[in-house]
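Q: just need the structure, nothing else, for what follows:
(one chain, ligands or ions: 1)
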Amino acid sequence: MIDLHCHVDLYPRPATVIAEIARRGMYVLAVTTTPRSFQANRIFAGENPKIRVAVGLHPELVAERSHEVSEVCSLVEMTKYVGEIGVDGSSQHRHSVDLQRDVFRTILRAASRSGGRMLSIHSRNAVRLVLDDLERECGASVPVMHWFSGSELELEAAVARRCWFSVGPAMLASKRGRFLATLMPKDRVLPETDGPFGQMDGAPLMPWHAELALPILAQVWNLPLDEVQEQMRWNLKNLGQQHIQGI
Ligand code: MN
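A: Just a heads-up that it's a prediction; the model follows:
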């Protein structure tokens, strides 16, 4: 099982979650929202090679923490994974969009300078801006759009830009999310939870709930569940290879 976008450090008891991830033999990309939490996550993740820690600066925090971008850029050297980064254009964060883009582009440039990184990207109400910035600064990095919620045309543009997608049970709970999933290339999709922010029936999703996305994908893609499971394993391997080539 794979969770390609999870905020492991933000659960009430991260150590318990980490232990359960290990017990289940899961692959988890632990995204972080600040450079400090990257360091804390590396300690939590310990020696488990299946838990990879990404360095990030969440776009919703940029208005308060843009000064931390230089720290993020220096930590990019220490990991192959960058996230959560991106731009949030929703009404609550629209005021800081210019600053968010400055920060996003700065991090993209650092990732590119380091030879390319896997990027877990937030693009709520800002897909066009994110794609414009990727067009200019992505370099050899591999962009993964997490919890994509743009329009059909924006999705087509992201596919054309060679983006990958991480989709979870919360996104797929809506009719619209399921429709978008039908348009995603099956060989560029991986499961995520966005836990503990991603929720189901009012409760935070745990990393192992990423597998709840698979029967829904099987349904919308009209494939047997075991084929979807096999596709996800193949995708993880392929993403790793694409990514390693970029390093
Ligand atoms: Mn997130």
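
Q: what about the nearest residue to Leu225 once chain neighbours are set aside, which SS state?
A: In this structure, Leu225 finds its nearest non-sequential neighbour in Ala218, 4.6 Å apart by Cβ to Cβ, 6 or more residues apart in numbering. No exception for glycine: its C-beta is placed from N, CA and C like everyone else's. Three-state assignment for Ala218 (DSSP: H, G, I helix; E, B strand; the rest coil): helix.

Q: wait, Ala218 touches Met232, no?
A: No. With contact defined as Cβ atoms under 8 Å, Ala218 does not reach Met232; the gap is 10.7 Å.

Q: compare these two (neighbour count), which wins?
A: More neighbours surround Met232 than the other of Ala218 and Met232, with 22 against 17 (other Cβ atoms under 10 Å).

Q: average pLDDT across the helix or strand harbouring Glu64?
A: Using DSSP states H and E, Glu64 falls within helix 62-65. Averaged across helix 62-65, pLDDT comes to 96.

Q: after it comes which helix or strand?
A: With DSSP H and E setting the assignment, the helix or strand that follows helix 62-65 is helix 69-75.

Q: who touches that following helix?
A: Pro35, Phe38, Val55, Gly56, Leu57, Val103, Thr106, Ile107, Ala110 (Cβ atoms under 8 Å, 6 or more residues apart in numbering).

Q: number of nearby residues for the closest residue to Ile51 other than its chain neighbours?
A: The shortest distance from Ile51 to any non-neighbouring residue, by Cβ to Cβ, 6+ apart, is to Ala45 (4.1 Å). Ala45: 21 surrounding residues under other Cβ under 10 Å.

Q: do Met1 as well
A: Met1 has 18 neighbouring residues, counting by other Cβ under 10 Å.

Q: and for Leu225?
A: For Leu225, using other Cβ under 10 Å, the count is 12.

Q: how close does it get to the ion?
A: Counting by Cβ to the ion, to the nearest Å, the gap from Leu225 to the ion is 26 Å.

Q: can you check Leu129 too?
A: The value you get for Leu129 to the ion, if Cβ to the ion is used, is 18 Å.

Q: now tabulate the contacts of helix 69-75 in CSV and tack on distance to Ala181 and neighbour count.
A: Output for the contacts of helix 69-75, formatted as CSV (distance: Cβ to Cβ, whole Å; neighbours: other Cβ atoms under 10 Å):
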residue, distance to Ala181, neighbour count
Pro35, 33, 19
Phe38, 30, 26
Val55, 28, 31
Gly56, 24, 29
Leu57, 28, 30
Val103, 29, 26
Thr106, 32, 18
Ile107, 27, 26
Ala110, 31, 22
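
Q: picking up where we left off before, hang on, the residue nearest to Ile51 packs against Phe38?
A: No. Counting by Cβ under 8 Å, Ala45 sits too far from Phe38 to count as a contact (10.4 Å).

Q: quick check: neighbours shared by the two?
A: Shared contacts of Ala45 and Phe38 (Cβ under 8 Å, 6+ apart): Val53.

Q: residue numbers of this structure in contact with the ion?
A: By Cβ under 5 Å from the ion, the residues of the chain that approach the ion are Glu84, Asp194.

Q: show me where the chain has its strands.
A: According to DSSP state E, the chain carries its strands in the segments 2-6, 27-30, 51-53, 81-86, 118-122, 142-146, 164-167, 189-191, 199-200, 203-204.

Q: and the second one, what other elements does it pack with?
A: Read that as strand 27-30. Secondary-structure packing of strand 27-30 (3 or more Cβ pairs under 8 Å, 6 or more residues apart in numbering; DSSP states H and E): strand 2-6, helix 35-45, strand 51-53.

Q: and the ones you listed: which comes nearest Ala210?
A: The closest of the helices and strands packed on strand 27-30 to Ala210 is strand 2-6. By Cβ to Cβ, the value is 4.1 Å.

Q: got the angle for the closest one vs strand 118-122?
A: Relative orientation of strand 2-6 and strand 118-122, computed by axes from the mean of the first three to the mean of the last three Cα atoms, to 10 degrees: 60 degrees.
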